[in-house]
Every structure is written in C-alpha cells, then in structure tokens.
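1. here's a sequence, model it:
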Amino acid sequence: MARILITGASGFIGGYLVAQALQAGHEVTAAVRPNSDLTRLNGPGLQLLQLSLGDVSALTKQLQAVGRFDWVIHNAGVTKALTRDAFREGNTENTRRLTMALQETGSLPDKFLFVSSLAALGAAATGSPMIHANQTPQPLTPYGESKLESERYLESLSRELSWVVVQPTAVYGPWERDILTVIKMAKMGLEMTIGRQSQRLSFIHGSDVARAIFQILDAETQANHQKFILSDGNAYTTEALSAAIRESLGGKKTLKIRLPLGLVKQVAGISETIGRWQNKPSPLSRDKLPELAAENWHCDVSPLFETIQFKPEFDLFSGMKNTVEWYKKAGWL
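-> Predicted structure coming up:
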C-alpha cells in the first residue's frame, strides 16, 4: 500500500485515478480547488486537501504538515484558457511550484508522475506513419506548448527527483463532456466532420488511463525518468469514430456533413469573442483548429505495452458503448 497525493482529483481523469487508487487499497489524499465538484470523491479513508499551487511558500508548509507521500500524481492542469499566459500559469508554473515545494520539504516522493498530453508532441511528422515518443516535439496549440514546457522543466531537475511522464491521447469515457456533444448530435441524426480529408485518430478510455498510470507506478526502475504515450494501441479514422458512436446508439442513421475549415475558423472566432465577453474559455477556439485539422494522431505505444506489459480493457467500440450506456443511466443523454 502506498501513500498517494493526487492533484486535479476532482477532474475527469482525476476521478478515475482516485477510484483506482482506493480500489487498490492505497492511502489517498485528493488535492482539489475551492468550489470543486466533489461528487466522485468518496471512499473510506479518502482525505481532501486544498493545495495552494500558486504559492511555493504556502505549498511547502501544507506539504510539510501532511507528511511525506510515496507517490505524487500531478494531474491538475488547464485544458481551456483565454490566453497563452493562462495555459502556462495553470500547467507549467503550477508544475514548477509543486516540485519546488516538494524539494523544499526535504522529503521527496519515491515517484512523481506528471500527466501531460499527446498535444505536447503534436501530430505525426510528415511522412511518418505515427507519433513516436522520441520525435521532435511540435505542439500545435498553446495548451500543448505549456505541457511540453512542463516536461522540459522536469527533465532539467536534479536526478534526485524520480519522475515519469505520461502523454495520453484523446481520453473519453463516463463523466467526459466534450465527446458528449458529438454523441448528442449523432442522436439527433447529425454527423459533422472538419475539413476535406479523413483523419487517423487514437483514443483511450478514462479507466484505462488510470490503470496504465498505476501499472507504471508499480513498475520498478525501468519506469524512472521516462515518458509513456497512453493509447489503446489502435489507429482509427474519422469514419471509425462515427461508426462507434452510431453503433453505441443502436445503429442510429445520421446525415453526414463535412464542414470547411474556413467556416469552422469563423465559428471559432465568434465563440472566442463570446467567451471573452463572459470571461469564460470557449470549447472551440482558433488556437485549437490546427489539432482538429491535423491528419495523423496515430501513436506508437509499444514502450507502454512491452516495457510495462499494459493491456487496455477497452477499444473505441467497446469503450464508446460503455460510455453511452453510462450517459443514459446518468440522465446525460
């Protein structure tokens, strides 16, 4: 049994991490923000903690007060923001401050696992069949840039901190809201794609993300100072994603509409303007379009499968069925 700190515990992936840790019998402290939704954070022995990630001094005192953790899973981060600086503050700077505070306590964890993103690497290079962990990173968005900067900061630290980085591809599953919008449209009989060309995509179910992370943490020294791409290992197309959604909806027939990238860019611009008026990040922004339009997001997960011996529970079709069934039971769909 390990004593674990999980930041971003109330988020989509965080909920899976907490559930997986409790199920394995670990002693879990869930770090949350004020006013977080705590619906998924329950279980015997679970401790809640509001960490001051914005202040190294205050953060150090908090960590000293609660005592040393065997494992720290830094999952907290910003996926939507109004500015590039906001992404950097929520991802890069919070990661820097947390590691600084851990070092200040003088009680480093056995392992520090940072939840990054495939966006830190960017899409597959031209002429390459897939994204590789050792490719030259070319993030396409401010979000991806901030995650990459966080990774590089960890790499610059003393070897005394035993870190590992995971880079999940597109994550879906129960409690996820972005793909819910696409599923709701399909239920209405509409299927929309962007651009003229079909994309090669990769996915991983939220529960498989948590299972992979704890399998990595359980591994011995081969998982130290390494990065692992997280995916179910399959290459999908835009059409396969649509087929998985239709199948999960009982074979729903849809009208297929392909939206020109220029039109989507205009809509994104309007959405951004509304978001700024409301001081709320838009789910669709012009910065996000390069990722949405990139041709190839298939990724090489052989290190995860071969070194860690990870086997996902879900592929896209079984995972989408599981997700839609949960949406229906929860009244979301």
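
2. show me the strands in the chain, by range?
-> For the chain, applying DSSP state E gives strands covering 3-7, 27-31, 47-49, 71-74, 111-115, 163-168, 170-172, 190-194, 200-201, 203-205, 226-230, 236-237, 255-259.

3. what about the stretch 201-333 of the chain, any weak spots by pLDDT?
-> 220-222, 255, 257-286, 289-290 (pLDDT under 70).

4. how about the helices of it, start to end?
-> 206-218, 238-248, 261-278, 289-293, 302-307, 316-330 (DSSP state H, counting those that start in this stretch).

5. export those to a markdown table and tack on mean neighbour count?
-> Glycine gets a C-beta too; all of them are placed from N, C-alpha and C. Converted to a markdown table, the helices of the stretch 201-333 of the chain look like this (neighbours: other Cβ atoms under 10 Å):
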| stretch | mean neighbour count |
| --- | --- |
| helix 206-218 | 21 |
| helix 238-248 | 19 |
| helix 261-278 | 13 |
| helix 289-293 | 17 |
| helix 302-307 | 16 |
| helix 316-330 | 18 |
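
6. make TSV from the strands of the chain and add distance to S128 and mean neighbour count to it.
-> Formatted as TSV, those follow (distance: least, Cβ to Cβ, whole Å; neighbours: other Cβ atoms under 10 Å):
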stretch	distance to S128	mean neighbour count
strand 3-7	33	25
strand 27-31	37	23
strand 47-49	42	14
strand 71-74	30	26
strand 111-115	25	24
strand 163-168	16	22
strand 170-172	19	22
strand 190-194	22	17
strand 200-201	11	20
strand 203-205	19	27
strand 226-230	14	23
strand 236-237	17	17
strand 255-259	26	11
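
7. rewinding a little: now render the helices of the stretch 201-333 of the chain as TSV, adding distance to Y16.
-> Converted to TSV, those look like this (distance: least, Cβ to Cβ, whole Å):
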stretch	distance to Y16
helix 206-218	4
helix 238-248	20
helix 261-278	28
helix 289-293	23
helix 302-307	17
helix 316-330	13
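
8. right, and the ones you listed - which one's nearest F228?
-> helix 302-307 (4.8 Å; Cβ to Cβ).

9. wait, what's in contact with P174?
-> Residues in contact with P174 (Cβ atoms under 8 Å, 6 or more residues apart in numbering) are G206, N322, T323, W326, Y327, A330.

10. surely the second one is in contact with E176?
-> No: taking contact to mean Cβ atoms under 8 Å, the distance of 11.6 Å between N322 and E176 leaves them out of contact.
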